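Asker: Dropping a prediction and its sequence here:
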Number of protein chains: 2
Amino acid sequence: MQKTGQDSSRTQHLVTTYLSDVKRRVDACIFDFLPTAHKHPDVHQLYQMMLDYPRRAAKGLRPALCMLICEAFGGDPERAVNTAASLELLQNWLLIHDDIEDGSELRRGEPCLHQKHGIPMAINVGDALHCKMWELLHRNTEVLGHELAFRILSEFIQLSNQVVEGQHIELSWVNDNRWNLDEEDYLTMCVQKTAWYTCITPCRVGAIIGGASKTEIDGFVELGKEIGIAFQIQDDVLNLIGDVGRYGKEIAGDISEGKRTLVLIHLINTCTAAEARQVIDIMARPRDEKSEAEVERVLQLMQKYKSITYAQQRSKALLQEAAEQFSHNFAHLPDERAKQLFLSLIHFFVEREY
Amino acid sequence: MQKTGQDSSRTQHLVTTYLSDVKRRVDACIFDFLPTAHKHPDVHQLYQMMLDYPRRAAKGLRPALCMLICEAFGGDPERAVNTAASLELLQNWLLIHDDIEDGSELRRGEPCLHQKHGIPMAINVGDALHCKMWELLHRNTEVLGHELAFRILSEFIQLSNQVVEGQHIELSWVNDNRWNLDEEDYLTMCVQKTAWYTCITPCRVGAIIGGASKTEIDGFVELGKEIGIAFQIQDDVLNLIGDVGRYGKEIAGDISEGKRTLVLIHLINTCTAAEARQVIDIMARPRDEKSEAEVERVLQLMQKYKSITYAQQRSKALLQEAAEQFSHNFAHLPDERAKQLFLSLIHFFVEREY
């Protein structure tokens, strides 16, 4: 056990060191690229707002996956930095709009952009970063040449289509006040909204730059689904039981926002009909019409019916499945260190506590 | 006079025929490209929402400028259809977000998208169309090859940066409750927010596809500024004095929304201090705290101080300047018919009554 503890701590150290290294390189790219000053004071202010989310502490899962998979295929990760940075810009514009759409309050430990500057400006800042993402991808021509740059653009286009569809599915549930969802509904939404941009595309573009074959690239769809879902479930669990200081969002904010998570869907489909009515009644009301006691009541029921434990188990099983699939399907890849680090990285993210 | 009337009616006929022709070709491209059906009912609904604004009647100024300038340089306008259609998609996603940001009610004669489906969904539909714009531009590779397609992408990137900055300037005026603006402030904002995407870029990309030189392409910046501003001023004038049935937005909606237009800036800088205070007091209040009589009062003052006439004259002078510049700088272009039609087209758009 002593040895396992040391191994686990050494692995964690390797992962966090790797993440810091990727973050340093990707941040250098992003902050060199984004504009910082303008003589027109209003445009100058826009630039500061565009820098706000990218400057907030982020874990950098997506760029790490991209660069690591590139390396695993024997590619030079330096050639993937620009693409990895584009993934971070994607994440940032998505979050700005997502926070408005969900009526969120905190993001990475600070008030959401629309809480600071109002919805109209926040929509526009999101659009500005969205445009900057395509601009950064356009710069790939210089690093990768026209043809490869165009293939990466294709991947981002495919991903964008997925993410807006996933987002629409989730927003439809809210608009239609729909609560009779099963696990399948949740997984479909989650794959489109989260797995594509969190995992499938980061791995695919890394593989493309690393010189992977079409079959190899396509192998990341199933794998990325499993990891992406596992990651999202863990995120939803942390929202319920995490530590606000480390997690950076309000605890149980998903209950306040009325978010349909695997935990909630399990609860509604497991508790008594009367309890389900009560849960839905609380969840369906707007944030400012929910008392703390009511949010607490939903949390208690989630514990009573072991919905959180259920979700954690689902997440772990998906991770296990993904790890086995990766080890089996990508055993032939040349870079052993990168492959090992990839496995450690996905464990780290699905088992994280913040 | 009889003859001039016939000439003018013949010119108008040529312009409207040309616009219909462009619209038919561009619409064919857009509606062939945008998805229309999906087995998942929520995604299917998203697709219908994405088709909403593109299906509403639009005049098609931007695609017409693009295809006509391509032709004027001796290029095949068929090669510009895909880019012209991308300009229409740009216009549509911008309008969806703009309507939310401005709190607008009507667009092209129907309720704005966020009035029909709520702000969260409308933001996402705008994002979905935004992504589709880059996807359509990506398809230019098939028509124009990698290098030219990348040059067109560059133009759209430059334009996007301009338009979000212009939008931010205008939103800053609202957030800061700023009314002490002069004509220069207005023109700076208007060039960035409107002229680039309405005129400069449509002409530039048409010229690029038509095989223009760098100097020729850059000649469209100044020219496009003049036409773009003239167009926007006329749009603001029509908002005040137009016919709702033809114009498609609520009349004097800009007063309800508190929009800073050249007309308003002229009024505030021309009327008495007491009147200016009254105008600002009315303009600065939210839409639902303004009475019809107050909106009418601002309109009356605009008439009293001839602010609408002033704006119309500015618009006409800019148009005249642009027409002379075009005739002078582009006299050498091969296609006489396209050049003549370009001049008729810009007159038509700046002198339009709807």
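Answerer: Nice, thanks for sending it over.
Asker: and the helix or strand where residue A:141 lies with helix B:140-175, angle?
Answerer: Using DSSP states H and E, residue A:141 maps to helix A:140-175. Angle, helix A:140-175 to helix B:140-175, by axes from the mean of the first three to the mean of the last three CA atoms, to 10 degrees: 60 degrees.
Asker: tell me what helix A:140-175 is packed against?
Answerer: Counting contacts by 3 or more CB pairs under 8 Å, 6 or more residues apart in numbering or on different chains; DSSP states H and E, helix A:140-175 packs against helix A:81-102, helix A:119-138, helix A:183-190, helix A:201-209, helix B:41-55, helix B:119-138, helix B:140-175. C-beta coordinates here come from the backbone N, C-alpha and C atoms, glycine included.
Asker: so which of those helices is the most packed in?
Answerer: Each of the helices and strands packed on helix A:140-175 was assessed for mean neighbour count using mean count of other CB atoms under 10 Å in any protein chain shown. The highest is helix A:201-209, with a mean of 29.
Asker: For it, give me every contacting residue.
Answerer: With CB atoms under 8 Å, 6 or more residues apart in numbering or on different chains as the test, helix A:201-209 has contacts from A:61-63, A:65-73, A:75, A:79-80, A:83-84, A:87, A:144, A:148, A:151-152, A:155-156, A:158-159, A:216-217, A:220-221, A:223-224.
Asker: just checking, next helix/strand downstream of it?
Answerer: Following helix A:201-209 in sequence, per DSSP H and E, is helix A:214-241.
Asker: quick check: angle from that following helix to helix A:201-209?
Answerer: Per the same axes, to 10 degrees, the angle that helix A:214-241 makes with helix A:201-209 is 150 degrees.
Asker: can you pull the buried residues of helix A:214-241?
Answerer: Within helix A:214-241, the residues that qualify as buried are A:216-217, A:219-221, A:223-241, counting by 16 or more other CB atoms under 10 Å in any protein chain shown.
Asker: packing partners for that helix?
Answerer: Checked by 3+ CB pairs under 8 Å, 6+ apart, helix A:214-241 has helix A:183-190, helix A:201-209, helix A:253-257, helix A:262-270, helix A:307-329, helix A:336-351 packed alongside it.
Asker: how about the third one, does it reach chain B?
Answerer: Just to be clear, that refers to helix A:253-257. No - using CB under 8 Å from any CB of the partner chain, helix A:253-257 stays clear of chain B, coming no nearer than 11.4 Å.
Asker: What average pLDDT does stretch A:20-40 get?
Answerer: Across stretch A:20-40, the average pLDDT comes to 97.
Asker: Touching, residue A:159 and residue A:197? I think so.
Answerer: Yes - counting by CB atoms under 8 Å, residue A:159 touches residue A:197, with 5.4 Å between them.
Asker: Common neighbours of these two, please.
Answerer: Joint contacts of residue A:159 and residue A:197 (CB under 8 Å, 6+ apart) are residue A:90.
Asker: May I ask which helix or strand of chain A has the lowest mean pLDDT?
Answerer: helix A:244-247 (a mean of 60; mean pLDDT, DSSP states H and E).
Asker: how far does stretch A:25-34 sit from the chain's center?
Answerer: Taking CA atoms, centre = their mean, to the nearest Å, one finds the center of stretch A:25-34 at 20 Å from the center of the full chain.
Asker: Now it: buried residues?
Answerer: A:25, A:26, A:27, A:29, A:30, A:34.
Asker: likewise stretch A:60-78?
Answerer: Neighbour counts over stretch A:60-78 (16+ other CB under 10 Å) mark A:60-73, A:75, A:77 as buried.
Asker: Could you pull up the mean pLDDT of it?
Answerer: Here the average pLDDT along stretch A:60-78 is 96.
Asker: And for stretch A:329-339?
Answerer: pLDDT averaged over stretch A:329-339 gives 93.
Asker: and that stretch, C-alpha only, in CSV?
Answerer: Taking C-alpha atoms only, stretch A:329-339 is exported to CSV below (Å, rounded to 0.1, in the frame of the first residue of the first chain):
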residue,chain,number,x,y,z
ASN,A,329,-6.6,0.1,-29.8
PHE,A,330,-3.5,2.3,-29.5
ALA,A,331,-1.0,-0.2,-28.2
HIS,A,332,1.0,0.2,-31.4
LEU,A,333,1.7,4.0,-31.0
PRO,A,334,5.4,4.7,-30.7
ASP,A,335,5.6,7.1,-27.7
GLU,A,336,5.3,5.0,-24.5
ARG,A,337,5.7,8.0,-22.2
ALA,A,338,2.9,10.0,-23.9
LYS,A,339,0.6,7.0,-23.9
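Asker: residue contacts, residue A:320?
Answerer: Per CB under 8 Å, 6+ apart, neighbours of residue A:320: none.
Asker: State the pLDDT value of it.
Answerer: Looking at residue A:320, the pLDDT reads 96.
Asker: next one: residue A:5
Answerer: Listed pLDDT for residue A:5 reads 69.
Asker: before we move on, back to that, quick one: which two of the buried residues of stretch A:60-78 are the most distant?
Answerer: Farthest-apart pair in those is A:60 and A:73; separation 20.2 Å (CB to CB).
Asker: Any chance of the backbone angles for residue A:106?
Answerer: When read as degrees, to the nearest 10, the backbone of residue A:106 gives phi -120, psi 140.
Asker: Give me the distance between it and residue B:73.
Answerer: 54 Å (CB to CB, to the nearest Å).
Asker: now residue A:351
Answerer: From residue A:351 over to residue B:73 the distance is 61 Å, taken as CB to CB.
Asker: Let me know how buried residue A:9 is, in neighbour terms.
Answerer: For residue A:9, the tally of surrounding residues (other CB atoms under 10 Å in any protein chain shown) stands at 10.
Asker: State the three-state secondary structure for it.
Answerer: Secondary structure, DSSP: H, G, I helix; E, B strand; the rest coil: residue A:9 is helix.
Asker: Just the pLDDT at it, thanks.
Answerer: We have a pLDDT of 85 for residue A:9.
Asker: Also residue A:287?
Answerer: Value listed for residue A:287 in the pLDDT field: 87.
Asker: Not counting residues beside it along the chain, what's closest to it?
Answerer: Of all residues not flanking residue A:287 in the chain, residue A:256 sits nearest, at 4.8 Å (CB to CB, 6 or more residues apart in numbering or on different chains).
Asker: What would stretch A:160-173 look like as PDB? C-alpha coordinates only.
Answerer: The C-alpha trace of stretch A:160-173 is given here as PDB (Å, rounded to 0.1, in the frame of the first residue of the first chain):
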ATOM      1  CA  SER A 160     -19.100  23.500 -33.500                       C
ATOM      2  CA  ASN A 161     -22.100  21.900 -35.100                       C
ATOM      3  CA  GLN A 162     -22.200  19.200 -32.400                       C
ATOM      4  CA  VAL A 163     -21.900  21.700 -29.500                       C
ATOM      5  CA  VAL A 164     -24.600  24.100 -30.600                       C
ATOM      6  CA  GLU A 165     -26.900  21.100 -31.100                       C
ATOM      7  CA  GLY A 166     -26.200  19.700 -27.700                       C
ATOM      8  CA  GLN A 167     -26.700  23.100 -26.200                       C
ATOM      9  CA  HIS A 168     -30.000  23.400 -27.900                       C
ATOM     10  CA  ILE A 169     -31.200  20.100 -26.600                       C
ATOM     11  CA  GLU A 170     -30.500  21.200 -23.100                       C
ATOM     12  CA  LEU A 171     -32.100  24.600 -23.500                       C
ATOM     13  CA  SER A 172     -35.200  22.800 -25.000                       C
ATOM     14  CA  TRP A 173     -35.600  20.800 -21.800                       C
END
